[in-house]
Every structure is written in structure tokens, then in C-alpha cells.
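Novice: I would like to see how this sequence folds:
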Amino acid sequence: MGKRKKSAPSASRGGQKIKNDIIFIAVLLMLLSVAALALLLFRTMGDTVVITVDGRFFGEYSLEEDRVVEIRNGDGYNVLVIEEGKASVKRASCPDGICSSHRPIEHNGESIICLPNRVVVEIRTRSQKQPDIIT
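Specialist: Below you'll find the predicted structure:
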């Protein structure tokens, strides 16, 4: 009696699996794109800048008023500039300078963090909708 040859897996079955993977990835990318678009469209503008240094409150400033704030922590410093409703770090004593190259922030929840100087600059929204009636 002769030995039977095992048949090779069908090429169409492997092709179907690849096709399903491509469809899955395409659907996943579309869902992620819709989620990212929704986040961009529905984000809110902030109205205050809150600064903490080494985990402690340093100051809170309105985005509506242009000003320069010097933040000192030991030997380190950061210079925060608030203008045209945006906040940015213009100068810093840290060696890497990542905080000073960060784009200006203006939306609720955005932040600039300087790890060497332990400075966190965060945008927040103070004004929340309150009822117009007094009971």
C-alpha cells in the first residue's frame, strides 16, 4: 500500500485570514481617528494657569491678562509668559530645555512640565456653568 501525501493548506484559507486582519486594522484605525477628532473638536479653552513647584502651589494667573511670571526653585528658574490667551515657558535653567521648546498651551488640561526644576504649568477652567437662579 502506498503512502498518502498530506495536502498542503489551501492558499485561499491563508488569504482569507490576511484579508480579515486588514479589515480589522482598517476598522480599528477608523475608530481611533473618530475618537481623536472628537477630542479635538470638543476640547474646551482654559481660563487660568496653575503653577506648582515641587508639588506645592506656586500661583494661579488668568489667561486674559498678559504677564511674565518668574518661577524660582532653589538654583533653578523658569520664565512663564502669558500672552494672547496662551501660556509658554520662554526661558529655563534646565539643561535639556524641553519645557522652553514646548508649544504654547491654552486648552483645559494641557500642561508644560519641567522635570529638572520640578515645575508644572497647567491650564484649567475655573468658570463652570452655574444655575442662573438663586433659591
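Novice: name the helix or strand of the chain that has the lowest mean pLDDT.
Specialist: Across the helices and strands of the chain, mean pLDDT, DSSP states H and E gives its lowest value to helix 11-41, namely a mean of 88.
Novice: what's the first helix or strand after that one?
Specialist: Going down the chain from helix 11-41, the next helix or strand is strand 48-53, by DSSP states H and E.
Novice: show me what that following strand is packed against.
Specialist: Using 3 or more C-beta pairs under 8 Å, 6 or more residues apart in numbering; DSSP states H and E, the elements in contact with strand 48-53 are strand 56-62, strand 67-73, strand 76-83, strand 119-124. All C-beta spots, glycine's among them, are computed from the backbone N, C-alpha and C.
Novice: tell me the buried residues in the third one?
Specialist: So the one you mean is strand 76-83. Within strand 76-83, the residues that count as buried by 16 or more other C-beta atoms under 10 Å are 76-78, 80, 82.
Novice: one more: the last one?
Specialist: Of the residues in strand 119-124, those buried by neighbour count under the rule 16+ other C-beta under 10 Å are 119-123.
Novice: what of the second one?
Specialist: Across strand 67-73, burial judged by 16+ other C-beta under 10 Å covers 69, 71, 73.
Novice: next, the angle from it to strand 119-124.
Specialist: Interaxial angle, strand 67-73 versus strand 119-124 (axes from the mean of the first three to the mean of the last three C-alpha atoms, to 10 degrees): 140 degrees.
Novice: state the mean pLDDT of strand 67-73.
Specialist: Averaged across strand 67-73, pLDDT comes to 94.
Novice: what's the angle from it to strand 56-62?
Specialist: Between the axes of strand 67-73 and strand 56-62, defined by the same axes, to 10 degrees, the angle is 180 degrees.
Novice: the longest one too?
Specialist: Between strand 76-83 and strand 56-62, the angle comes out at 20 degrees (the same axes, to 10 degrees).
Novice: contacting residues around strand 76-83?
Specialist: Defining contact as C-beta atoms under 8 Å, 6 or more residues apart in numbering, one finds that strand 76-83 is touched by 49, 51, 61-63, 65-71, 87-94, 99-100, 114, 116-117, 119, 121.
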